[in-house]
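**Q** I would like to see how this sequence folds:
(one chain, ligands or ions: 1)
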Amino acid sequence: MRLQVFFLCLSCLTLSSLSQAQDQASLHRSNDHAGRCHYTFSVASPEESSCPGGSTKPEIDGVLSRLTLLEALVSRLIAGVDGGQEGLQDAYSQVTGEKNQLQQDKERLNRQVQELQRRLDELSQEAESLRQKPCQQTHTSEGSQRDSRPASDPAYDFGDGAYQEMKAEVTEVPASHLIPEGNHNFTGCGELQSVGDPELHRKADSITGKYGVWLQDPEPLGPLYSNKTVWRIDTVGKDVRQLFAYEDMVQFSRGFPMKVLVLPEPVESTGATMYRGSLYYQRKRSRTLIRYDLASESLASRLDLPHAGFHGQHPYSWGGYTDIDLAADEQGLWAIYSTSKAKGAIVISQLDPESLEVKKSWETNIRKNTVANAFMVCGRLYTVASYTAANTTVNYVFDTSTGVGRSVAVPFKNKYRYNSMVDYNHAQRKLYAWDNFHMITYDIRLGRAS
Ligand code: CA
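**A** Below you'll find the model as predicted:
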């Protein structure tokens, strides 16, 4: 572009010179002495006006001077072009440097992101391991389970939401049977003869262990769990879903669970039981029974227990929404509860362990809220008179094979004075109980019915 400008200027200078010369030229006509016409063409010289003998040097000097100016101009133009290239080179270098700096910043930030991601992973693992520890459970308080009202029947709404802890109306019943001779080594199914002293296995170390359920499966299906596996649910809290598994009784006593299973539905109260590889329990604030399969860790069956009172309608004497109590024995799976039709008397139903359907039901003649707890042994229901008295009794038995119930008086000890759960394990031939933070067992002795 700049070279084009140069040639344009050069053309202008040349034309200018010619134009100036034309302005100073003239044509003259005259006759000579012979009468002929002469034409004279004159061009003015910058130095002199006479025609002959003129020098061209000043004109050449002028042209040279102009050329010198043009050369200088061209030099400046070329220098200008070179200067532009240098400027571009500088700008390019600067941009390249900034690009490299940005690339370094990006790599540094990527490293920081990776480091933060690694620390996040570590913290997540630590949080998970803390959740696995029993001391880190997120239960709220002992009273949280008291806050809800009976779900459907206002007649059973006690209004203030307090524990329905009523002392059992203990009726002293004289012992009707002595241990028949020959029953000391009896290992078959029979009637309850005696309950031994409580044996302590574990004491809960926080308020969430005030009451709960702990069990072993009398008929485990394996291979994941055996009859040595111990299971525990702390039922204090609004949303009870954690099922702790311990490898054996030693680890249970030490408080080291091997696994924590999260149940699909929250647990109500202390009536859960373990049978043939499944945990059976009552869903919170409902009469819905849940079968949770331990191997697949999934809900296997759910079914409403027909007409069963729940959530404070027909609890045991200590309250705690112990309306539906599940039990397993030598003869299968059972539900212990009451209905409005039975007017609070204990109803026993044998359940299909797969579907949870009721196979057969019996209505007893003992009110559920007058006894502290109940358990099944060899198809017989037994009730415990008090949950607080240090020395109380198993005060009633109902035999489902005959449909007949009667009073008994087998001594039973509440050593820690707040017994919230009693369940029978026929493989161990023991009662499992949770007495005021203390997880205990009782040896029992059976004998032929007399
Ligand atoms: Ca029970």
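**Q** residues from the stretch 301-450 of the chain in reach of the ion?
**A** Residues of the stretch 301-450 of the chain lying close to the ion (C-beta under 5 Å from the ion) are 325, 375, 422-423. Heads up, the C-betas are built off the backbone N, CA and C, glycines and all.
**Q** Redo those as JSON lines? Include neighbour count.
**A** Output for those, formatted as JSON lines (neighbours: other C-beta atoms under 10 Å):
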{"residue": "325", "neighbour count": "26"}
{"residue": "375", "neighbour count": "27"}
{"residue": "422", "neighbour count": "28"}
{"residue": "423", "neighbour count": "26"}
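**Q** can those go into JSON lines with extra columns for distance to residue 103?
**A** As requested, these are arranged in JSON lines below (distance: C-beta to C-beta, whole Å):
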{"residue": "325", "distance to residue 103": "70"}
{"residue": "375", "distance to residue 103": "74"}
{"residue": "422", "distance to residue 103": "72"}
{"residue": "423", "distance to residue 103": "69"}
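**Q** Can you tell me the SS state at residue 381?
**A** strand (DSSP: H, G, I helix; E, B strand; the rest coil).
**Q** Provide a list of residues in contact with the closest residue to it other than its chain neighbours.
**A** Distances taken as C-beta to C-beta, 6 or more residues apart in numbering place residue 398 nearest to residue 381, at 4.2 Å, with adjacent residues excluded. Shown in contact with residue 398 (C-beta atoms under 8 Å, 6 or more residues apart in numbering): 346, 348, 362, 364, 366, 380-381, 404-405.
**Q** Enumerate the beta-bridge partners assigned to the closest residue to the ion within the stretch 251-400 of the chain.
**A** With C-beta to the ion, the shortest gap between the stretch 251-400 of the chain and the ion falls at residue 325, namely 4.4 Å. Beta bridges link residue 325 to residue 336 when assigned by DSSP bridges.
**Q** which residues touch it?
**A** Residue 325 makes contacts with 271, 316, 335-337, 373-374, as judged by C-beta under 8 Å, 6+ apart.
**Q** about what we covered before: quick one: buried ones out of the contacts of residue 398?
**A** Among those, those classed as buried by 16 or more other C-beta atoms under 10 Å are 346, 348, 362, 364, 366, 380-381, 405.
**Q** how's the chain carved up into domains?
**A** Domains of the chain are assigned by automatic domain parsing as 11-28+55-124, 172-447.
**Q** Just name the most buried of these.
**A** For the domains of the chain, the largest average neighbour count (mean count of other C-beta atoms under 10 Å) is found in domain 172-447, namely a mean of 19.
**Q** Let me see the mean pLDDT of it.
**A** The average pLDDT for domain 172-447 rounds to 94.
**Q** all helices for the chain, in order.
**A** 2-24, 57-132, 249-254 (DSSP state H).
**Q** rank those helices by pLDDT, which is bottom?
**A** Per-stretch mean pLDDT for those is lowest at helix 2-24 (a mean of 42).
**Q** list the contacts for residue 303?
**A** By C-beta under 8 Å, 6+ apart, the residues touching residue 303 are 288-289, 355-357.
**Q** ok, now with 7 Å
**A** Applying C-beta atoms under 7 Å, 6 or more residues apart in numbering, we find residue 303 in contact with 289, 355-357.
**Q** and residue 278, bridged to which residues?
**A** When assigned by DSSP bridges, residue 278 has beta-bridge partners residue 275, residue 293.
**Q** And it, how far from residue 375?
**A** From residue 278 across to residue 375, the span is 19 Å (C-beta to C-beta, to the nearest Å).
**Q** Quick check: the gap between the residue nearest to residue 197 when sequence neighbours are not counted and residue 394.
**A** Excluding the flanking residues, the one nearest residue 197 by C-beta to C-beta, 6+ apart is residue 413, at 6.3 Å. Distance, residue 413 to residue 394, using C-beta to C-beta: 11 Å.
**Q** Then residue 385?
**A** Applying C-beta to C-beta to residue 385 and residue 394 gives a distance of 7 Å.
**Q** Residue 338 against residue 344, yeah?
**A** Yes. Contact criterion C-beta atoms under 7 Å: residue 338 and residue 344 qualify, at 5.3 Å.
**Q** what do those two both touch?
**A** Contact criterion C-beta under 7 Å, 6+ apart; residues shared by residue 338 and residue 344: 314, 368.
**Q** Can you flag which of the buried ones among the contacts of residue 398 belong to strands?
**A** Counting by DSSP state E, the buried ones among the contacts of residue 398 place 346, 348, 362, 364, 366, 380-381, 405 in strands.
**Q** For the stretch 101-250 of the chain, which residue gets nearest to the ion?
**A** Closest residue of the stretch 101-250 of the chain to the ion, C-beta to the ion: residue 213 (9.0 Å).
**Q** hey, what's that residue bridged with?
**A** Note on residue 213: beta-bridge partners by DSSP bridges are residue 233.
**Q** need the contact list for residue 322.
**A** Applying C-beta under 7 Å, 6+ apart to residue 322 gives the contacts 269-271, 315-316.
**Q** Tell me how far it lies from residue 88.
**A** 89 Å.
**Q** Please apply the same query to residue 112.
**A** Noted for residue 112: a distance of 36 Å to residue 88, by C-beta to C-beta.
**Q** Quick check: closest non-adjacent residue to residue 277.
**A** Once flanking residues are discounted, residue 277 sits nearest to residue 221: 3.5 Å by C-beta to C-beta, 6+ apart.
**Q** could I get stretch 440-450 in CSV with only the CA atoms?
**A** Extracted in CSV, the C-alpha atoms of stretch 440-450 (Å, rounded to 0.1, in the frame of the first residue of the first chain):
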residue,chain,number,x,y,z
ILE,A,440,-29.6,-60.4,79.4
THR,A,441,-30.6,-64.0,79.0
TYR,A,442,-32.4,-66.4,81.2
ASP,A,443,-32.0,-70.2,81.1
ILE,A,444,-35.3,-71.9,81.2
ARG,A,445,-36.3,-75.4,82.0
LEU,A,446,-39.1,-77.3,80.3
GLY,A,447,-40.9,-80.4,81.4
ARG,A,448,-43.7,-82.6,80.6
ALA,A,449,-47.0,-81.0,81.2
SER,A,450,-48.6,-82.4,84.2
